[in-house]
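generate coordinates for the sequence data below:
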Amino acid sequence: MLKVSLSLRSTKYTFYPQGPVGLQRGLGLRCWAEKTHVERKLVVVVCALSVALFICIMTLGLHYKKSHPGMCLSEPCVSVASTVLGALDRSVDPCQDFYNFACGGWMRKNPLPEGKSRWGPFSNLWEHNMAIMKNLLENTSMKSLSKAEQKAQWYYQACMNEIKIEALGAKPLQDLINQTGGWGLNGPWEKDNFQEVLRTVSANFRTSPFFTVFVSTDSKSSNSNIIQVDQSGLGLPSREYYLNKTANEKYLKAYLNFLVELGMLLGGSEETSQKMMQEIIDFETALANITVPQEERRDEMKIYHKIQAKELATLAPAVDWMPFLSAVFAPVALNDSEPVVVYAKEYLQRVSELIRNTNKSVLNNYMIMKVVRKMVSILDQRFQDAEQRFLEVMYGTKKSCMPRWKLCASDTDSALGFALGALFVKATFSEDSKAFVSVEDMVSEIKWAFEDSLKTVSWMDPETKKAAKEKADALYNMVGYPKFIMNPKELDKVFNDFDVVSDLYFQNVMNYYNFSARVTANQLRKVPNRDQWSMTPPTVNAYYNPTKNEMVLPAGILQAPFYNHAWPKAMNFGGIGVVMGHELTHAFDDQGREYDKDGNLRQWWQNSSVEAFKHQTQCMVEQYSNYSINKEPLNGKHTLGENIADNGGLRAAYKAYINWIEKNGEEATLPALGMTNHQLFFVGFAQVWCSVRTPESSHEGVITDPHSPSRFRVIGTISNSHEFSTHFGCKADSPMNPKQKCELW
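As a prediction, this is how the structure comes out:
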């Protein structure tokens, strides 16, 4: 029983707040009657003071609990604290090198797995998702599946049928080559069938020799899909591999050896294969010379050219365009006034000249080789071994025996990813999953933070700022999966025309190419479909689509280490929150900013703000160009869009976290870390990017990847953050707290 005693002069009164009500009242009346007037006033004052004191103590207690919430000792908190702690390297000063501070322990404990050229949390989570897909594809009863889900199982089973694949050997591809017109492996080849072969390999096998042709949203009219043409055609990842022969000699040699081996596996002699493949590489080198570098193609306003199909004949007369387009987009009927967007006008002119000036046998051998390269992974083990030897040199991977199921699960995701995605979502997330609801709430909080920051952007004029807020308001977010996959009838309808058999893998892949060609053609001239995603539900990634002004967060990434409903908000905002902020900021990077709120490419900024934007972003171009990896400098112009998104994403996520604290109070800290939640936010962000990579893979990334290497995604971003330096107490001009900070959004 709670007992409260008050001493007043020489008389002692005792109250029993939880005693019998009748007794309390009786005693109270007798005692009160005996009191003097002064005593009564004093009792009233003391009671009032006691109540006030009690309220103050309770209020202070609640406030203290909010500002000093103690420690979270739940199982998820203890588990994540252990993971965070294990990844740290406490011997490193976070103000000197935050990436090694946050990731040094992780890198020591995570040597590159065999067969991998890079490894990090993204790779680890994808392996986890693939294991789930394997289990679903192998162990789910056919009776409980929709027709589309059954097709996913059949496709996987055919891929896993190695006995059948080995028995067929090279024959399926050899038959395909013969049906297409053959090539010069077994003697002189002098056919005059360039146009027919170009149509066949482009329409039937979805290769892109010389150039790529596809259907996508018209950037200047986002309510319709249109034919688009762009540069393409190289066998190596980038033009730089061909043009800088000294630096890339080992890669070019490995590439030639790989192609020669493929030629021999398909019936050619070593001498014939050597001669033919060298001619192909020489031709690809000529293609590389006319290919426009990616950093020169970032301004879409400049490279967008809308013409009529008949004008292609003038632009690139070496190609018989109308029969070509009719074959690629069959069965849709086309006429020569069909609108086409060309993104590589000068390239098409030059490639047409190159085709005209190249021996027709070289052109044919090159086109067939494009088909062969595409089919290597679906043939017998000899072909896969040849490719593995090439990849070992190209990416520095160690030879490994990767289980067949990994290739098959990944390929099933590529071909029937939304059917497999339906199984994945049902197994991994409940349909009314709190994760999806919570993630959608976080998107709203990130969006608010970005819009609130717009108010303080000093370099942007008020009118453009108002339009930018409207664009952020209009941004559409898609979380988890497209809704149609949960409706078996809708899902079956999507894959109705895709024929799959359970024992012929090569045939299934050919059927997939034909199916995807019809799906592509069917989209022409139609309104883009919001339910059409560019990533499947199990994918560990996210994206922003400028023509739809939408952010997409697949279910696959809504897991640890990016998100866990039971984790501290600091971890979730530092993980998936920064991913959200990153994708949102893409709407305002150097390319995304050219699209208005409806997804149309047009000048919607005032000229003064355009110039100010270019001035502000030059700081980031220079900042990231000063970084290097293995003595190879980064290309700050090529990576500008992703660097803008990284910086804007971190700032928006941190601001959203601060706003969450203001509404909900400080949360409990994690045990053993000795770290505030503000520090935990930045550590959580950095640890998403912990990675190890071979030098060869790093080289390829510097040349081709629009993202900066992981290390610089972390230190480049946090060194521009005032809040980071405040919470880690970094002295002015320390490496992670430079005087000059690049600020945009």
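
what mean pLDDT does the helix or strand encompassing residue 151 have?
Residue 151 belongs to helix 147-160 when assigned by DSSP states H and E. Across helix 147-160, the average pLDDT comes to 97.

what is it packed up against?
helix 121-139, helix 404-428, helix 488-494, helix 505-523 (3 or more C-beta pairs under 8 Å, 6 or more residues apart in numbering; DSSP states H and E). From N, CA and C alone the C-beta is placed, and that goes for glycine too.

dump the ones you listed to a markdown table, plus distance to residue 455.
Listed next are those as a markdown table, based on distance: least, C-beta to C-beta, whole Å:
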| stretch | distance to residue 455 |
| --- | --- |
| helix 121-139 | 34 |
| helix 404-428 | 38 |
| helix 488-494 | 43 |
| helix 505-523 | 40 |
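
closest to residue 712 out of the ones you listed?
Taking C-beta to C-beta, helix 121-139 is the member of those nearest to residue 712, at 16.4 Å.

list the buried residues in that closest one.
Buried residues in helix 121-139, counted by 16 or more other C-beta atoms under 10 Å: 121-126, 129-130, 132-134, 136-137.

swap in stretch 514-526?
514, 515, 517, 520, 521, 523.

identify the bridge partners of residue 218.
Note on residue 218: beta-bridge partners by DSSP bridges are residue 221.

can you report how many residues lie near it?
22 (other C-beta atoms under 10 Å).

how near is it to residue 489?
31 Å (C-beta to C-beta, to the nearest Å).

next: residue 270.
Noted for residue 270: a distance of 55 Å to residue 489, by C-beta to C-beta.

go on, residue 729?
60 Å.

got it, and residue 722?
Residue 722 is 54 Å from residue 489, where distance means C-beta to C-beta.

how about the contacts made by the residue positioned nearest the centre of the chain?
The geometric centre of the chain, computed from its C-alpha atoms, lies nearest to residue 541 (C-alpha atoms, centre = their mean), at 3.2 Å. Shown in contact with residue 541 (C-beta atoms under 8 Å, 6 or more residues apart in numbering): 122, 535, 554, 556, 557.

ok, these vs residue 704, which is closest?
residue 122 (17.2 Å).

in space, what's closest to that closest one - neighbours in sequence excluded?
Leaving out its chain neighbours, the residue that sits closest to residue 122 by C-beta to C-beta, 6 or more residues apart in numbering is residue 540, at 5.2 Å.

that neighbour against residue 555, yeah?
No: using C-beta atoms under 8 Å as the test, residue 540 is too far from residue 555 to be in contact (9.9 Å).

about what we covered before: top of the contacts of residue 541 by neighbour count?
Neighbour counts for those, by other C-beta under 10 Å, peak at residue 556, which reaches 29 neighbours.

let me see the confidence value for that residue.
Confidence at residue 556, expressed as pLDDT, is 95.

what's the spacing between it and residue 419?
15 Å.

over to residue 210?
Going from residue 210 to residue 419 by C-beta to C-beta gives 34 Å.

neighbour count winner among these two?
More neighbours surround residue 419 than the other of residue 210 and residue 419, with 29 against 24 (other C-beta under 10 Å).

my guess is the more buried one contacts residue 153. True?
No: the pair residue 419 and residue 153 fails to qualify as a contact (C-beta under 8 Å) at a distance of 9.1 Å.

ok, and what's touching the helix holding residue 151?
137-138, 140, 142, 145, 164, 404-405, 407-409, 411-412, 415-416, 418-420, 422-423, 488, 491-492, 494-496, 498, 500-505, 508.

where do the strands of the stretch 1-150 of the chain begin and end?
Ranges of strands within the stretch 1-150 of the chain are 4-8, 11-15, 118-119, based on DSSP state E, counting those that start in this stretch.

per-domain residue ranges of this protein.
Following automatic domain parsing, one gets these domains for the chain: 15-67, 189-378.

got those as JSON lines, with distance to residue 599 and mean pLDDT columns?
Output for those, formatted as JSON lines (distance: least, C-beta to C-beta, whole Å; pLDDT from 0 to 100):
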{"stretch": "domain 15-67", "distance to residue 599": "43", "mean pLDDT": "48"}
{"stretch": "domain 189-378", "distance to residue 599": "4", "mean pLDDT": "96"}
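
and among those domains, the most buried is which?
Counting by mean count of other C-beta atoms under 10 Å, domain 189-378 has the highest mean neighbour count of the domains of the chain, with a mean of 18.

now do the end-to-end distance for that domain.
For domain 189-378, the first-to-last residue distance is 27 Å (C-alpha to C-alpha, to the nearest Å).

ok, residue 556 - contacts?
Counting by C-beta under 8 Å, 6+ apart, residue 556 touches 125, 126, 129, 424, 536, 537, 538, 539, 540, 541.

tell me the average confidence for stretch 493-508?
Mean predicted confidence for stretch 493-508 is 95.

name the residues of that stretch that are buried.
By 16+ other C-beta under 10 Å, the buried positions in stretch 493-508 come out as 494, 495, 498, 500, 502, 504, 505, 506, 507, 508.

state whether the fifth one is indeed within a strand.
No: the assignment for residue 502, made by DSSP: H, G, I helix; E, B strand; the rest coil, is coil rather than a strand.

how about it, nearest residue that isn't a chain neighbour?
Going by C-beta to C-beta, 6+ apart, residue 502 has residue 154 as its nearest residue, at 4.3 Å.

name the nearest residue to residue 601, ignoring sequence neighbours.
Closest to residue 601 by C-beta to C-beta, 6+ apart is residue 219, at 4.0 Å.

any idea where the strands of the stretch 351-500 of the chain begin and end?
Using DSSP E, counting those that start in this stretch, the strands of the stretch 351-500 of the chain run over residues 476-480.

oh, that last question was meant for the stretch 151-300 of the chain, not what I typed.
Going by DSSP E, counting those that start in this stretch, the stretch 151-300 of the chain shows strands at 211-218, 221-231.

show me what the shortest one packs onto, helices and strands only.
The reference is to strand 211-218. Against strand 211-218 (3+ C-beta pairs under 8 Å, 6+ apart) you get strand 221-231, helix 321-328, helix 345-356, helix 505-523.

give me that answer again for 10 Å
Where contact means 3 or more C-beta pairs under 10 Å, 6 or more residues apart in numbering; DSSP states H and E, strand 211-218 is packed against helix 194-203, strand 221-231, helix 321-328, strand 339-342, helix 345-356, helix 505-523.

so which of these is nearest residue 642?
strand 221-231 (20.1 Å).

please compute how far stretch 269-284 lies from its chain's middle.
37 Å (C-alpha atoms, centre = their mean, to the nearest Å).

hmm, I was thinking of stretch 471-485
With C-alpha atoms, centre = their mean as the basis, stretch 471-485 stands 15 Å off its chain's centre.

give me the mean pLDDT for it.
The pLDDT scores in stretch 471-485 average 95.

if you count neighbours, what's buried in it?
The neighbour-count check on stretch 471-485 (16+ other C-beta under 10 Å) flags 471, 472, 475, 477, 478, 479, 480, 481, 482, 484, 485 as buried.

ends of that stretch, what's the gap?
For stretch 471-485, the first-to-last residue distance is 29 Å (C-alpha to C-alpha).

again with stretch 82-95
Start-to-end, stretch 82-95 (C-alpha to C-alpha) is 23 Å.

hmm, back to that, any idea how far the residue nearest to the centre of the chain lies from residue 672?
From residue 541 to residue 672 the distance is 32 Å (C-beta to C-beta).

residue 151 now?
Residue 151 is 49 Å from residue 672, by C-beta to C-beta.

of these two, which one has the most company?
Higher neighbour count among residue 151 and residue 672: residue 151, with 25 against 12, using other C-beta under 10 Å.

and the buried residues of stretch 471-485, which is closest to residue 330?
Closest to residue 330, out of all of the buried residues of stretch 471-485 and judged by C-beta to C-beta, is residue 484, at 25.8 Å.

tell me the contacts of that closest one?
418, 422, 490, 491, 493, 494, 529, 531, 532, 533 (C-beta atoms under 10 Å, 6 or more residues apart in numbering).

hmm, residue 551 and the last one touching each other?
If I follow you right, that is residue 533. No: Residue 533 lies out of contact with residue 551 (C-beta atoms under 10 Å); the separation is 11.7 Å.
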